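Undergrad: got a structure for you, letters missing:
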């Protein structure tokens, strides 16, 4: 695979707010992200962290509430409905976890591929040639006449990938594509993603809970509370992340390095396990050293010993009275007696 180059997509201070039963739910809160052309990016995060909301926005299925998301020079927030529809049909492909969202069960494999090409206006001869090429690429040409219900789970996902590529998109988005298949089939799907990435210079973004995701992609971005919190980069400096997690790296495994991510305002999210390990709660102290910036747990909040009103330091606050405000009350409130 050729190395990643200029960004294909960027998200800048991306915000998404949903209205649920009269309440505002913030799914994304100032998320920043950049994906290079030809990169395979993995996205991980707990349920509710904002992964699916981000993928829906990147796929043109939803609009952000604020911020900017630019794909191949187009700001999706500024596109008209018609332009966003063209973007979905021509520039991005989507693979869902459930095959029922990808495929029409009453059509054959070949017909499922032909349909989006026909909607896009491709001639019949060109469609036949492209259908065959895609099915041969995903290893399903011999199953072209089968209905979707006659395929295994892995074959259905391969068909879904072919359908997502029907109109030659630049960007492929996959939401838990291996969530309903066994580990061997999952590995086959990731092998297919890598082959498509190499042969077609396809940019791929995969959301997954698969623990082996880091071994399959160029970079993994973790999302927490609607923001990018850390990155795991393949082929980075040799301090392998496994060492920090007390795992023994395989000799054949690539090197990784983990980074915390600073957003456009200079904020970073420290991994939760590090905060717990050192007992860091809602505040910490920073110390600049020769090696960098050190974060330490903050001591207990000190009790103020210097009175706010030095001139009253020797006075005991009197009990409240119903008459005219006394000197202590006037000093605290700035009010004058009348």
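TA: Sure, I can see it. Please read all numbers here as calculations on a predicted model, not as lab measurements.
Undergrad: low-confidence ranges in the stretch 101-250 of the chain?
TA: Along the stretch 101-250 of the chain, the model assigns pLDDT under 70 to residues 235-250.
Undergrad: Helices of that one, residue ranges please.
TA: Assignment of helices within the stretch 101-250 of the chain using DSSP state H, counting those that start in this stretch yields the ranges 109-119, 124-137, 153-164, 183-200, 213-216, 241-244.
Undergrad: Remind me what the second one packs against, helices and strands.
TA: Translated: helix 124-137. Secondary structure elements in contact with helix 124-137, counted by 3 or more C-beta pairs under 8 Å, 6 or more residues apart in numbering; DSSP states H and E, are helix 109-119, helix 153-164, helix 183-200. Quick note: C-beta positions are derived from backbone N, CA and C, even for glycine.
Undergrad: mind giving me TSV with those and columns for distance to residue 9 and mean neighbour count?
TA: What follows is those, written out as TSV (distance: least, C-beta to C-beta, whole Å; neighbours: other C-beta atoms under 10 Å):
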stretch	distance to residue 9	mean neighbour count
helix 109-119	22	19
helix 153-164	16	23
helix 183-200	15	16
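Undergrad: For residue 35, find the nearest of the helices of the stretch 101-250 of the chain.
TA: Between residue 35 and those, the shortest gap by C-beta to C-beta is with helix 183-200, which sits at 12.5 Å.
Undergrad: Check what contacts the closest one and list those residues.
TA: Helix 183-200 is contacted by residues 1, 38, 40, 137-138, 152-154, 157-158, 161, 165, 172, 174, 177-178, 181, 202-204, 206, 210, 212, 216 when judged by C-beta atoms under 8 Å, 6 or more residues apart in numbering.
Undergrad: and what of stretch 217-224?
TA: The list of residues contacting stretch 217-224 from outside it, by C-beta under 8 Å, 6+ apart, reads 1, 4, 31, 33, 39-46, 49-51, 54, 204, 206, 213-214, 228-235, 261, 269, 272.
Undergrad: quick one: pLDDT of residue 283?
TA: For residue 283, the pLDDT comes out at 83.
Undergrad: Tally up the residues packed near residue 19, please.
TA: 8 (other C-beta atoms under 10 Å).
Undergrad: three-state assignment of it?
TA: Put simply, residue 19 is strand when judged by DSSP: H, G, I helix; E, B strand; the rest coil.
Undergrad: beta partners for it?
TA: For residue 19, the beta-bridge assignment (DSSP bridges) gives partners residue 24.
Undergrad: Check what pLDDT it gets.
TA: Predicted confidence (pLDDT) for residue 19: 85.
Undergrad: what does the one 3 residues further on give?
TA: Listed pLDDT for residue 22 reads 81.
Undergrad: so what's residue 105 up against?
TA: If a contact means C-beta under 8 Å, 6+ apart, then residue 105 has 147, 148, 149 as its contacts.
Undergrad: ok, now how distant is it from residue 160?
TA: Summarising the geometry, the distance separating residue 105 from residue 160, computed by C-beta to C-beta, to the nearest Å, is 12 Å.
Undergrad: cool, residue 121 as well?
TA: With C-beta to C-beta as the criterion, residue 121 and residue 160 are 22 Å apart.
Undergrad: just to revisit the earlier point, and the buried ones among the contacts of helix 183-200, selectable in ChimeraX?
TA: Here is the ChimeraX command that picks out the buried ones among the contacts of helix 183-200, judged by 16 or more other C-beta atoms under 10 Å:
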select :38,40,137,138,154,157,158,161,165,172,174,177,178,181,202,203,204,206,210,216
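Undergrad: Burial check on residue 77, number of neighbours?
TA: Neighbours of residue 77 (other C-beta under 10 Å): 16.
Undergrad: Going through the contacts of stretch 217-224, which ones are buried?
TA: With burial judged by 16+ other C-beta under 10 Å, the buried subset of these is 4, 31, 33, 39-45, 49-51, 54, 204, 206, 213-214, 228-234, 261, 269.
Undergrad: Identify those among the residues you listed that sit within strands.
TA: Using DSSP state E, the members of the buried ones among the contacts of stretch 217-224 that fall within strands are 31, 33, 40-44, 204, 206, 228-234.
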